[in-house]
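K.L.:
3D model of this:
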Amino acid sequence: MVQILIAAVDFGNFPSRFAKIATLYPTKRIIFSEANFRKIKPRTLLLVDFLDLGPAQIDILRAFSRSGHTVPTLGIVETKSRHNVLQARELGFYNLIDREEKFSILFEKIREVLGDYSKPTLPSRFSEKIVKSVETTSMGLNLMSAAALTGAPLPMRFLATNAQDITAAIMTEGLDNWLSAVQCHHSHTFCHTMMVAGHTVSFSQSLGHSETEQTLLGLGALAHDLGKVKIPLSILDKPGRLTREERELVNKHPQYSEEILASRQEVPKQVVEMALWHHEFLDGSGYPNGLKGNQIPETVRLLTISDIYSALTEKRAYKESLSPRQAFAVMFEMNGKLDMDLLRKFRALVLSSEFGHVRRRATA
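P.N.:
Here you go, the predicted model:
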């Protein structure tokens, strides 16, 4: 898996806007006093902040430069300082970015080196239609995340097309194949979002919703966790259980989603509601607003069911996935929290077909 190793003398002086790259690529920070560049893993980009380097840090980088390494590097410098630029080049850093540059430029430079982190590598057993659908949806999610971080317009039309493509792929190839392909994605964040989208559009179609309604629900599913773009991937894709502090941060993602989406004219109101309220429960015990009953729209209730079912049936490093029947046993114990009428319809759909069955990828 690709990753970025960021080295600095003092991260208190590291450009805060550049720190956002941790939400788009797996990132690890090290201070020079703890640096050991000999143990850098393959497919790693070394990003060095050249601010306030002293003789000891220069010696570390000089030794690294002379080691014959093949690690791609990127240096953060003050381009107005001739000394700073020449020093970086003398130490083998020719790919440079100014400390005052926009985040979007850093993102493009890193993507040129490491490639698109969102792109999955899918086994050959999947059809061309499934592969294209998963790849373009991953691209849409990545574009949305980058736009949210840079302030650029959100690619809502592209995402709407993604939602339509998911529906078309599921209609011809089956949801089982779609979910199996999605589960091959290396990022849990992308995997979960696409699983929720697949369940949501399939459920919407089974309820007899119009194509416009299906697209809107699919769009809401794709954007429902957008607020997680403000949370480092090291937390979102953590292989073990989250700490209490990490869980508290993750639970803020609905508010983060609202902050990103609410002011965007290109985003339908229903999509904002789904992103903000998909953790609300009918009895008022959910978050972030503690809504009750009819305060929660049906679009949100449907998404909540898809979201919970996806979370229960997907495999994580720290837990086994539940079977469809096991998942529904858990969900029906949430009587009073979930819309039971919708849940019964969802269960009938899942258990009467191959709808909910996922062909798990082999694990070592």
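
K.L.:
From here on, just use CA atoms for contacts and neighbour counts.
P.N.:
OK.

K.L.:
Relative to Leu322, how far out is Leu342?
P.N.:
Remark: distance between Leu342 and Leu322 (CA to CA, to the nearest Å) = 20 Å.

K.L.:
how far does the longest helix seen in the chain sit from the chain's center?
P.N.:
Ranked by number of residues, the top helix in the chain under DSSP state H is helix 128-150. Helix 128-150 sits 10 Å away from the centroid of its parent chain (CA atoms, centre = their mean, to the nearest Å).

K.L.:
try stretch 276-296
P.N.:
24 Å.

K.L.:
Stretch 45-64: which residues count as buried?
P.N.:
Buried residues in stretch 45-64, defined by neighbour count with 16 or more other CA atoms under 10 Å: 45-51, 53, 57-58, 60-61, 64.

K.L.:
ditto for stretch 153-164
P.N.:
Under the neighbour-count criterion of 16+ other CA under 10 Å, stretch 153-164 has 154-156, 158-164 buried.

K.L.:
What of stretch 162-173?
P.N.:
162-170.

K.L.:
Please apply the same query to stretch 309-329.
P.N.:
309-316, 321-322, 324, 327-328.

K.L.:
Now flag whichever of the buried residues of stretch 153-164 is closest to Arg125.
P.N.:
Taking CA to CA as the measure, Arg125 lies nearest Asn162 of the buried residues of stretch 153-164, at 21.7 Å.

K.L.:
Can you pull the poorly scored residue ranges out of this protein?
P.N.:
1, 317-318, 353-364 (pLDDT under 70).

K.L.:
The residue nearest in space to the middle of the chain: which element?
P.N.:
The centroid of the chain falls nearest to Thr189 when counting by CA atoms, centre = their mean (4.0 Å). Here Thr189 is covered by helix 188-206, with elements defined by DSSP states H and E.

K.L.:
who's in contact with that helix?
P.N.:
With contact meaning CA atoms under 8 Å, 6 or more residues apart in numbering, helix 188-206 is reached by 118, 137-138, 141, 163, 166-167, 170, 175, 178-179, 182-185, 213-215, 217-219, 221-222, 224-225, 236-237, 302-303, 306-307, 310-311, 314, 316, 346, 349.

K.L.:
Can you name the element that comes right after that helix?
P.N.:
Moving toward the C-terminus from helix 188-206, the next helix or strand (DSSP H and E) is helix 211-223.

K.L.:
Quick check: phi and psi on the closest residue to Gly92 other than its chain neighbours?
P.N.:
Sequence neighbours aside, Ser65 is the residue nearest to Gly92 in space, at 5.7 Å (criterion: CA to CA, 6 or more residues apart in numbering). Backbone torsions of Ser65, given as degrees, to the nearest 10, read phi -60, psi -40.

K.L.:
Ser65 against Glu90, yeah?
P.N.:
No: if you go by CA atoms under 8 Å, Ser65 and Glu90 don't touch, sitting 9.1 Å apart.

K.L.:
ok, the two, which is more surrounded?
P.N.:
More crowded of Ser65 and Glu90, by other CA atoms under 10 Å: Ser65, with 16 against 13.

K.L.:
about what we covered before: how far does the helix holding Thr189 sit from the chain's center?
P.N.:
For helix 188-206 - counting by CA atoms, centre = their mean - the centre lies 14 Å from the chain centre.

K.L.:
just to revisit the earlier point, can you tell me which of the buried residues of stretch 309-329 is closest to Asn13?
P.N.:
Closest to Asn13, out of all of the buried residues of stretch 309-329 and judged by CA to CA, is Arg316, at 35.9 Å.

K.L.:
quick one: the closest one from Asp176, how far?
P.N.:
Taking CA to CA, one finds Arg316 at 19 Å from Asp176.

K.L.:
Same check on Thr44?
P.N.:
With CA to CA as the criterion, Thr44 and Asp176 are 34 Å apart.

K.L.:
Could you do Gly293 as well?
P.N.:
According to CA to CA, Gly293 stands 33 Å off from Asp176.

K.L.:
And for Ala7?
P.N.:
Applying CA to CA to Ala7 and Asp176 gives a distance of 43 Å.

K.L.:
Give me the spatial nearest neighbour of Glu280, chain neighbours excluded.
P.N.:
In space, Glu280 is closest to Gly286, 4.0 Å off (CA to CA, 6+ apart).
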